[in-house]
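**Q** Have a look; sequence and predicted model below, questions after that.
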Amino acid sequence: MLKKLFTTACCMLCLAAQALEINTANEAELDSVRGLGPSSTARILKAREQGPFKDWTDLMQRVKGIKSGLAAKLSDSGLTVNQLPFVAPATGIKAP
């Protein structure tokens, strides 16, 4: 039991170490995220000058080119907004 708890704690620490907060990341850190290039990074930094991003929706509204699909990929690559990963909004379509 103790071994399982220790393993879980280590995994959580590894995931936390891989996370990159968009509101505090510098240009080089943002460029290192898969899915972001120099132009996307520049748009993020420019929008961030107006203030930190409140959430993923705020990010997508303020930064041209970031939509749900890219937000999901960026989140999967470790990017967070206020330490939270992207969660796709419910579509309202029920599964069969």
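**A** Arrived safely, thanks for sending.

**Q** Only C-alpha atoms from now on, for both contacts and neighbour counts.
**A** Noted.

**Q** any idea how far residue 24 lies from residue 88?
**A** According to C-alpha to C-alpha, to the nearest Å, residue 24 stands 23 Å off from residue 88.

**Q** wait, residue 75
**A** Distance, residue 75 to residue 88, using C-alpha to C-alpha: 11 Å.

**Q** repeat for residue 35
**A** Note on residue 35: its distance to residue 88, by C-alpha to C-alpha, is 17 Å.

**Q** What helix or strand is residue 39 located in?
**A** Assigned by DSSP states H and E, residue 39 belongs to helix 38-48.

**Q** Can you give the contact residues for that helix?
**A** 23, 27, 30-31, 62-65 (C-alpha atoms under 8 Å, 6 or more residues apart in numbering).

**Q** same question, stretch 59-75
**A** 33-36, 40, 43-44, 47, 53, 56, 85-88.

**Q** Now the buried members of the residues you listed.
**A** The neighbour-count test (16 or more other C-alpha atoms under 10 Å) marks 33, 36, 40, 44, 47, 53, 56, 85-86 as buried among the contacts of stretch 59-75.

**Q** Doesn't residue 28 lie inside a strand?
**A** No - using DSSP: H, G, I helix; E, B strand; the rest coil, the assignment for residue 28 is helix, not a strand.

**Q** In this structure, what helix or strand scores lowest on average pLDDT?
**A** Each helix and strand of the chain was given a mean pLDDT (mean pLDDT, DSSP states H and E); the minimum falls on helix 2-18 at a mean of 50.

**Q** before we move on, back to that, out of the contacts of stretch 59-75, which comes closest to residue 18?
**A** Of all the contacts of stretch 59-75, residue 33 has the smallest distance to residue 18: 10.5 Å, by C-alpha to C-alpha.

**Q** correct me, but the closest one touches residue 80?
**A** No - under the contact definition of C-alpha atoms under 8 Å, residue 33 does not touch residue 80, with a separation of 11.1 Å.

**Q** Based on its surroundings, how many neighbours for residue 27?
**A** Residues within reach of residue 27, counting by other C-alpha atoms under 10 Å, total 13.

**Q** From residue 33, how far off is it?
**A** Taken as C-alpha to C-alpha, the span from residue 27 to residue 33 is 10 Å.
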